[in-house]
Each structure stands twice: as structure tokens, then as C-alpha cells.
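Asker: Okay, structure incoming, though there's no sequence with it:
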């Protein structure tokens, strides 16, 4: 229980400080210039407070100068800082609109370029997505999408929603499938308690933008969901010996 209190306290303090820093910098230069390092440090600090260690498995190399859609499973609230560390803060999220109402946090997310999605209205969600795609066309930036729609309650992968993959196709960016395993054991959706543990993140080989655009929605969904399922199966501890895992200072390099 004390670990949960520590983690939430660290998150609250760093969220406030980070939002004020990003907001202040944004008065003089584009806020995104400092958003990435702030988000990366925020993510590392939260994982350290929670006692999370990370192993990361890479497929083909990912170009740091290329924008991607990272598409994968959603086990825990810890997935946000986990992906922040994996990408060194160079990502934005499609998130439910209610998060943008949280003081300072929502403001910082807007400044950074995260996309609010109104789940209560399909029409409002479409407007939000169209605006996000317009921004991506002007200034590409990597996005994270959780096509299951919500966090898993038991660690099992739920069917991906077709609309999420269609958004990826409309963006015209390469897709990187990913699989997170172990985050649920650290912090479950229905629990307050946080338990230290190991989180494994597998990054699949990127699907090139042309492949994404040319595939049918159903074929793309089946391919990405199948790759995430395969990586989750490979991340099982019984298969760990067959996986080359990289660990640097307790977090991903």
C-alpha cells in the first residue's frame, strides 16, 4: 500500500511541476520542444517509485526521426509511463476526453499534442480524430493507440476495434505493433495496491506506410492483432529463455 501512496505522490508532484514547465516554455517557444524530455523523466520517475523494472525486445530497428503509430495491448495505467520510457518521451496518446479535464495534466497533454477522444459521442469522436489527423499531416509525431478500447481485467487480449486501425490507415504513418506483459501484476485496473515487478515490452517489426495504406481494414486488423498476440505468447515466462532481453539501469534503453 505504501508503494501506491509513494507512486501517486510522485506522479502528482511531477505532473504539476512538468505542466508548469511545459506551459512556461510554451509562452516563448513551441511547448513540444520540452514536452518530450519532461514526459520521459516523468515516466522514469513514476516507474522507479513503483519499483518497475523493464525488459525490452526489439524487432527491426526503429528510426528515431520517423513518426509511427504504436499499436498494442493495454494492461494497466502503468502502460503510459512504460511507453514513455520505451520511446524516450517521443510519443503522444489518443486518450479519453475526461483526462483532459484534470487540472494541469489536461493542460499539459493539450500543449504536447495529445488527442482527446469523446467516447460518449461518435460524432464528437470523429471531429477530434479529424483534427488530430490534420495536425499529424502538418507535423508528424508518433502516437500510441490501444485498440482494445480499455484496460484488461485479467491480462488477456481483447479483440481489437476496427476503427482504431482505420485511424492509423488514414494517418498514413508506419505501424509498430507492441505487447506489454507484466504491467497488470504491478497495478491492476480495480486495485489501489502497487507491487514492484518486471514489465516486458516487445516491439514488432514496423509495417511500412505503404503496406498500411494498401491493406484492407480487416487484413490490417488481423495482421496487427495477430502480431501482438504472438508477442504476448512469447513473453510468457516459460518462453523467456528464447527471448533476447535488454536491461539497462532497470529501465529500457
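Answerer: Done, it's in. Please read these numbers as outputs of a predicted model, since none were measured by experiment.
Asker: From here on, just use CA atoms for contacts and neighbour counts.
Answerer: Fine.
Asker: any idea of the mean pLDDT for stretch 192-205?
Answerer: Stretch 192-205 carries an average pLDDT of 92.
Asker: And the contacts of it?
Answerer: Stretch 192-205 has contacts (Cα atoms under 8 Å, 6 or more residues apart in numbering) with 1, 3-4, 50-61, 176-183, 185-187, 227-228, 231-232, 235.
Asker: Can you mark which positions in that stretch are buried?
Answerer: 194, 195, 196, 197, 198, 199, 200, 201, 202, 203, 204, 205 (16 or more other Cα atoms under 10 Å).
Asker: Redo these as JSON lines? Include distance to residue 160 and secondary structure.
Answerer: Compiled in JSON lines, the buried residues of stretch 192-205 are given as follows (distance: Cα to Cα, whole Å; DSSP: H, G, I helix; E, B strand; the rest coil):
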{"residue": "194", "distance to residue 160": "27", "secondary structure": "coil"}
{"residue": "195", "distance to residue 160": "28", "secondary structure": "coil"}
{"residue": "196", "distance to residue 160": "29", "secondary structure": "coil"}
{"residue": "197", "distance to residue 160": "27", "secondary structure": "strand"}
{"residue": "198", "distance to residue 160": "25", "secondary structure": "strand"}
{"residue": "199", "distance to residue 160": "22", "secondary structure": "strand"}
{"residue": "200", "distance to residue 160": "21", "secondary structure": "strand"}
{"residue": "201", "distance to residue 160": "19", "secondary structure": "strand"}
{"residue": "202", "distance to residue 160": "18", "secondary structure": "strand"}
{"residue": "203", "distance to residue 160": "17", "secondary structure": "strand"}
{"residue": "204", "distance to residue 160": "17", "secondary structure": "coil"}
{"residue": "205", "distance to residue 160": "19", "secondary structure": "coil"}
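Asker: Out of those, which comes closest to residue 90?
Answerer: residue 203 (15.3 Å; Cα to Cα).
Asker: who's in contact with the nearest residue to that closest one once chain neighbours are set aside?
Answerer: For residue 203, ignoring the flanking residues on the chain, the nearest one in space by Cα to Cα, 6 or more residues apart in numbering is residue 178 at 4.5 Å. Residues near residue 178 by Cα under 8 Å, 6+ apart: 70, 71, 72, 73, 201, 202, 203, 204, 228, 231.
Asker: Tell me which residues touch the second one, please.
Answerer: Same thing as residue 71. Counting by Cα under 8 Å, 6+ apart, residue 71 makes contact with 144, 145, 146, 147, 175, 176, 177, 178, 224.
Asker: and the fourth one, how many neighbours does it have?
Answerer: The number of residues packed around residue 147, counting by other Cα atoms under 10 Å, is 20.
Asker: so where does it fall, helix or strand?
Answerer: Using DSSP states H and E, residue 147 is not contained in any helix or strand.
Asker: Now do the strands for this structure: every range, in order, please.
Answerer: Along the chain, counting by DSSP state E, strands occupy 52-58, 69-72, 92-96, 115-117, 143-145, 175-181, 197-203.
Asker: tell me what the fifth one is packed against?
Answerer: It stands for strand 143-145. Contacting strand 143-145 under the criterion 3 or more Cα pairs under 8 Å, 6 or more residues apart in numbering; DSSP states H and E are the following elements: strand 69-72, strand 92-96.
Asker: Each with direction, which strands does that strand pair with?
Answerer: Paired neighbours of strand 143-145 in the sheet (DSSP bridges): strand 69-72 (parallel), strand 92-96 (parallel).
Asker: what about the helices in the stretch 101-250 of the chain?
Answerer: Listed in chain order, the helices of the stretch 101-250 of the chain (DSSP state H, counting those that start in this stretch) span 105-112, 122-138, 162-171, 183-186, 209-214, 217-234.
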